[in-house]
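A.B. asks: next one to model:
(6 chains)
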Number of protein chains: 6
Amino acid sequence: MRIDNREFDQLREIKITRDYIIHPYGSVLIECGNTKVICTAMFEEKVPYFLKGTGSGWITAEYSMIPASTISRKARDSSRGKVDGRTQEIQRLIGRSLRSVVDMKAMGERALWIDCDVLQADGGTRTASITGAFIAMVDAFNKLKNEGKVKTIPIKNYLSATSVGIIKEGAVLDLCYEEDHKAIVDMNIVMTDDGRFVEVQGTGEMSAFSRNELNKLLDLGEKGNKEIIEMQKDILKEMGGLEFER
Amino acid sequence: MRIDNREFDQLREIKITRDYIIHPYGSVLIECGNTKVICTAMFEEKVPYFLKGTGSGWITAEYSMIPASTISRKARDSSRGKVDGRTQEIQRLIGRSLRSVVDMKAMGERALWIDCDVLQADGGTRTASITGAFIAMVDAFNKLKNEGKVKTIPIKNYLSATSVGIIKEGAVLDLCYEEDHKAIVDMNIVMTDDGRFVEVQGTGEMSAFSRNELNKLLDLGEKGNKEIIEMQKDILKEMGGLEFER
Amino acid sequence: MRIDNREFDQLREIKITRDYIIHPYGSVLIECGNTKVICTAMFEEKVPYFLKGTGSGWITAEYSMIPASTISRKARDSSRGKVDGRTQEIQRLIGRSLRSVVDMKAMGERALWIDCDVLQADGGTRTASITGAFIAMVDAFNKLKNEGKVKTIPIKNYLSATSVGIIKEGAVLDLCYEEDHKAIVDMNIVMTDDGRFVEVQGTGEMSAFSRNELNKLLDLGEKGNKEIIEMQKDILKEMGGLEFER
Amino acid sequence: MRIDNREFDQLREIKITRDYIIHPYGSVLIECGNTKVICTAMFEEKVPYFLKGTGSGWITAEYSMIPASTISRKARDSSRGKVDGRTQEIQRLIGRSLRSVVDMKAMGERALWIDCDVLQADGGTRTASITGAFIAMVDAFNKLKNEGKVKTIPIKNYLSATSVGIIKEGAVLDLCYEEDHKAIVDMNIVMTDDGRFVEVQGTGEMSAFSRNELNKLLDLGEKGNKEIIEMQKDILKEMGGLEFER
Amino acid sequence: MRIDNREFDQLREIKITRDYIIHPYGSVLIECGNTKVICTAMFEEKVPYFLKGTGSGWITAEYSMIPASTISRKARDSSRGKVDGRTQEIQRLIGRSLRSVVDMKAMGERALWIDCDVLQADGGTRTASITGAFIAMVDAFNKLKNEGKVKTIPIKNYLSATSVGIIKEGAVLDLCYEEDHKAIVDMNIVMTDDGRFVEVQGTGEMSAFSRNELNKLLDLGEKGNKEIIEMQKDILKEMGGLEFER
Amino acid sequence: MRIDNREFDQLREIKITRDYIIHPYGSVLIECGNTKVICTAMFEEKVPYFLKGTGSGWITAEYSMIPASTISRKARDSSRGKVDGRTQEIQRLIGRSLRSVVDMKAMGERALWIDCDVLQADGGTRTASITGAFIAMVDAFNKLKNEGKVKTIPIKNYLSATSVGIIKEGAVLDLCYEEDHKAIVDMNIVMTDDGRFVEVQGTGEMSAFSRNELNKLLDLGEKGNKEIIEMQKDILKEMGGLEFER
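C.D. replies: As a prediction, the model looks like this:
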């Protein structure tokens, strides 16, 4: 049995609160167990210099943890004067993942800023960020469509993410901090609703892992992401049966 | 009448949610109308070098806005590589104000980190930060006392803050963004429960102000802070009738 | 009696030397007792991006202390790679104060750079900076007018500043370092020649202060600023009876 | 057929020159086709603060490209004042990979600095860095052993890395820049000599990928790494039949 | 006799390998004894803002040492977030020296980036950089001429550099690290093929030096540079008898 | 004739005001024509880490220009977040020059901070800094000796500096900005009272220079420095006939 009494292939409870903040076009509070992240989506009517005049849009993601989100206080990047390596790795992952399901031409020559601000961290903050940011992005594009600035919601697929890993007791889905901290292998899996992979990042933190173990982890990831995407679809229904571009 | 139908001397509704986040010793979500700030208090068992061996503690405050808290996205300080002037001004104000009501000797040779992270900004974020941080600090010291690390809650006074200002229609209490934005004079007032001032910072943004106008603003500030401190006292009762050191 | 034998409401001797440096349009060495600050004013024929095309000008102030200006050497901001919080607070105060008395439209779409470089610090460097920068600014605008680039000196009011505070012996005007260092309450007051306030910044460094004490401090500030503005008027006469826009 | 006439599962020619630079304990020039990286290993007799007194060592990796290594000049991180996200991601990957095969206790309380400086980039610089750094590390530990500072070479496994990816023509091993640039899926695989995985990082750059495609990529990665490790074993024989700790 | 058995006025062996790297227009590995520097030359079709529209080109030089180039590891500037003073001094010297022999008008409104990356340091890295960069620059301009972008190779003179100094045993030419480290006087001399000086930088590291000693050093520098320029001329012949603009 | 009617070998008028600032141990305002620099000397009772426990002292020099010192405003290094290359070059020159005439053992294990802050720049700011800083340093050591902290003034030689250069009209001594700006060759020469050289830095800004021209410049530099050192000796007499260690 796991520390929080879950089955080895059981997700923590996920709760998504839409319109959590008033200013952005899309804003979501996603809670995965004790992990809480605010994901927001805001447009800016200009693109990075390398896209000027191409008609393509761009999506940039930033990720940050408030100092009180962790057990011992996390010093602010702004006080240290630079963004740490882990943060950069995470925001690059979030940005790449979201861009992979968006039709950059159809979104028009504008930037979408995705911000993931972790209020409380208990493992899986980067995967919760992707899952939550996807909903914030849908909301934002929907609002943009309602304003007549895009014709369709320029999204090609649902997108979700979860973590899997090997702990002493075996392979498990959706690790909490306590598990993550002691995991032998740690893997983040980002998937679409047609069961394909967008990102697979596995690390043997304490020990290398066999092809067989890798397969078990992929199975768990597929199961978890499938369940999360079902949840996302329910939310979409709630939003009045939005339809994506595809 | 004011834009949100308040009386000129009427505070916006204040809501304080304690224990908003699980990791810190004290954590509060304070809402003043649409302004929402998470205020947290965490201890670190060391002090800045200039206090080593003195037996005195220290309080440091940091303030930040998440990018989605404002109408147009606020770029992160960490991305720009430095903390902007307004932020520094605010965190210095919060730190000074809190230190003024704490017995630094009695708190022991440790640091208290106060973090104020603005989730949603609608005017008065710095004063809401002070009011909220005060409660988070009480909670944190109370927990420290329960752990036997301090004998009393080393706080000498209640502390609250509010903004006042002169708008076209006259002097008003607790400005929302819309008012603040167009204010002719803007003033932040930090006070204790015995009616004394800790900080008075008034600026003629568009025009200088007379001694008479200054007096009106001080009157409003006194009224507002008095009401806020009553609220804080109610919260303290809720906490089981905590008593401060004095 | 005060440490330097002054009355409680007596300013230190003020000496203003104009044209102290040859390159800037306006340059002043202001001495308030042992405090010495070079205040300069230089134009740049462009404005910050948010003012482009608006026809409005801008005033930016920077403040710095040379390392040898203080009792123990002050490390340079440039060596530390960032501007410290106190410096930012001060340069924001100087900039705001000067802008409040200038007609930004009438000065044309150009920037005025105000630099206050402290050569020797003995309390009151920020208020001396404001008083001195005002004269440098008048000189600079006068030269600009002589060049035919503005029609009038686009200044609406005289502007001066002084510090007041409460020390053990009571409320005093224009604190020297020795007094400032031990002050219970510290306040900076910026005023115009019609007796109105531009900035009031009071801090209970060691203890909060009552409304009554605040009033005493404001009285002292009014007296001090009135005397300083008389001095400024004498200098203006010396300059050949310049007239401001108003 | 591939652009450089290789079979889809064929590595580029790899050439490893040991002792390329005189000062470091281990230094290797690794060439994988046109990709050229200098990998060096240097000890420092101190560890990061979080390991002080634990008896454990540490391995830190840094990665950089000289400006002339790429087709259009790559601006130096030092001129930009910060390390870019891609670089951070890569140096974290190299460091983690090397640490996974070292017995940190047996290496003693010292730091091993791994530096990978790319002289010429033609795809696969991060995987070449890992393969080359492994040999530099063996050399460095061997020298340390000869000096009597460690009893054994504290390495538990051989370690190599290669890239795989899906291009228009299908899944391929060891992508050159031309291929990498247009790859639909891109994956880096780090493995040990017992056929286990240390890192698996796959990204759907232009499109998501199926479980089936993932399996093909893993097969290619296993084949490539097996061949590279054979090469490393030959080099080890050349070094006089060194034996690792296991 | 010198530590490496050279005569007091004898250069170390110099070896110049052209086309060392494939991407840049010019690239040279220069070896002076154990000192090894990669010198590259790359064009960028834009100039610094102060030259826009003038028709003049610009040459910027950057210099860096890989961490493993020195006896104890040299921390990267990028990790420290700033370029150190010695590096800045050196890159300014290289840039100025190269610009002095180029006809900036004839090169057209483009920038030439010179990068000197030290692989192995054993004294004289800055002078080797200048000597090597000169050849890389010739190669780059030659290629530009072959592309029809300039009419002539816009170089007015050969350029070389060497170091001289006074050690315990007397004045010597071309100091290795061991000598440089203990030198009493250290001087870098940059010259053209008509025997004139471009830069003379002499420092009494441990003691001042007389006019007489200065003259001896200048004699040695003239001899060394003459020999180096002969070498450069031989390389030019190898390149098919290129001719400079003059 | 020169622009300011001087002879080709004539220094501008030099004026040295001692005790210009009250806090530092030594402080000098040096004026060379229109160039004005404040040079100060302050002790700190600790040394850089590489000298700890050696009994040796250290001298660090910093150089800065106030923004208003130049014709068009010079942006502050602190605002740009880094020290520019020219500034670094200059402060390294000043530091090296002063250290060359001080007995670092005799000064004890403490640091001497030399600060040169340019108030007004008209050419020759770095050489004026060295000449002025020498006097500030003598004053500072003298005060230290009077306090009984050193036995002698640990200075071995007088030290002065001046600039020479070749302009259209020929070789000249002590260039003002107008001349410096158009100089073909520019050289800074630092010397001791026994006629030896500490630093010789010559640059062919627009053209290389012959050995013959170099000799003329050295002659002028010797003449200029001899005159400056006579002035320094007069000041020393004024100080009551101080004697140096030698």
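
A.B. asks: what packs against the helix with the most length in chain A?
C.D. replies: In chain A, ranked by residue count with DSSP state H as the criterion, the top helix is helix A:211-238. If you count contacts as 3 or more Cβ pairs under 8 Å, 6 or more residues apart in numbering or on different chains; DSSP states H and E, helix A:211-238 packs onto strand A:14-18, helix A:125-146, strand A:159-167, strand A:170-173, strand A:185-192, strand A:197-204, strand D:197-204, helix D:211-238. Heads up, the C-betas are built off the backbone N, CA and C, glycines and all.

A.B. asks: try it again with 7 Å
C.D. replies: strand A:14-18, helix A:125-146, strand A:159-167, strand A:170-173, strand A:185-192 (3 or more Cβ pairs under 7 Å, 6 or more residues apart in numbering or on different chains; DSSP states H and E).

A.B. asks: need the winner for burial among these.
C.D. replies: strand A:159-167 (a mean of 27; mean count of other Cβ atoms under 10 Å in any protein chain shown).

A.B. asks: direction included, what does that strand pair against?
C.D. replies: Within its sheet, strand A:159-167 is paired with strand A:170-173 (antiparallel), strand A:185-192 (antiparallel), according to DSSP bridges.

A.B. asks: what residues does it touch?
C.D. replies: A:11, A:97-98, A:101, A:124, A:127, A:130-131, A:134, A:171-175, A:179-180, A:182-192, A:198, A:209, A:213, A:217, A:220-221, A:224-225, A:228-229, A:232 (Cβ atoms under 7 Å, 6 or more residues apart in numbering or on different chains).

A.B. asks: by how many degrees do it and strand A:14-18 diverge?
C.D. replies: Angle of strand A:159-167 versus strand A:14-18, following axes from the mean of the first three to the mean of the last three Cα atoms, to 10 degrees, is 150 degrees.

A.B. asks: quick check: angle from strand A:159-167 to strand A:197-204?
C.D. replies: If you take the same axes, to 10 degrees, strand A:159-167 sits at 20 degrees to strand A:197-204.

A.B. asks: how distant is strand A:159-167 from the center of its chain?
C.D. replies: Averaged C-alpha coordinates place strand A:159-167 at 11 Å from its chain's average position (Cα atoms, centre = their mean, to the nearest Å).

A.B. asks: equivalent analysis for stretch A:61-71, please.
C.D. replies: Distance of stretch A:61-71 from the chain centroid (Cα atoms, centre = their mean) equals 15 Å.

A.B. asks: what's the end-to-end length of stretch A:95-114?
C.D. replies: Terminal residues of stretch A:95-114 are spaced 8 Å apart (Cα to Cα, to the nearest Å).

A.B. asks: buried residues in it?
C.D. replies: Buried residues in stretch A:95-114, counted by 16 or more other Cβ atoms under 10 Å in any protein chain shown: A:95-104, A:106-114.

A.B. asks: just stretch A:229-246 next, same as before
C.D. replies: A:229, A:231-232, A:235-236, A:242, A:244-245.

A.B. asks: now render these as CSV, adding pLDDT.
C.D. replies: Formatted as CSV, the buried residues of stretch A:229-246 follow (pLDDT from 0 to 100):
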residue, pLDDT
A:Ile229, 97
A:Met231, 95
A:Gln232, 94
A:Ile235, 90
A:Leu236, 85
A:Leu242, 74
A:Phe244, 79
A:Glu245, 70
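
A.B. asks: show me the two of those that sit farthest apart.
C.D. replies: A:Met231 and A:Glu245 (21.3 Å; Cβ to Cβ).

A.B. asks: now render the strands paired with strand A:159-167 as CSV, adding mean pLDDT.
C.D. replies: Formatted as CSV, the strands paired with strand A:159-167 follow (pLDDT from 0 to 100):
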stretch, mean pLDDT
strand A:170-173, 97
strand A:185-192, 97
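
A.B. asks: name the helices or strands packed onto the helix or strand of chain A with the lowest mean pLDDT?
C.D. replies: Using mean pLDDT, DSSP states H and E, helix A:77-80 stands out as the lowest-scoring helix or strand of chain A, at a mean of 74. For helix A:77-80, the packing partners by 3+ Cβ pairs under 7 Å, 6+ apart come out as helix B:77-80.

A.B. asks: can you name the next helix or strand after the helix it packs on?
C.D. replies: helix B:85-100 (DSSP states H and E).

A.B. asks: poorly predicted segments of chain A, please.
C.D. replies: Across chain A, the ranges flagged by pLDDT under 70 are A:80-81, A:241, A:246.

A.B. asks: ok, for the most centrally placed residue in it, nearest residue in space, not its chain neighbours?
C.D. replies: Nearest to the geometric centre of chain A sits A:Ile130, at 0.8 Å (Cα atoms, centre = their mean). Nearest non-adjacent residue to A:Ile130, counting by Cβ to Cβ, 6 or more residues apart in numbering or on different chains: A:Ala161, 3.9 Å away.

A.B. asks: so which residues on chain A come close to chain B?
C.D. replies: A:21-24, A:27, A:34, A:38, A:40, A:42, A:44, A:62, A:64, A:66-71, A:73, A:76-79, A:81-83, A:113, A:115, A:117, A:119-120 (Cβ under 7 Å from any Cβ of the partner chain).
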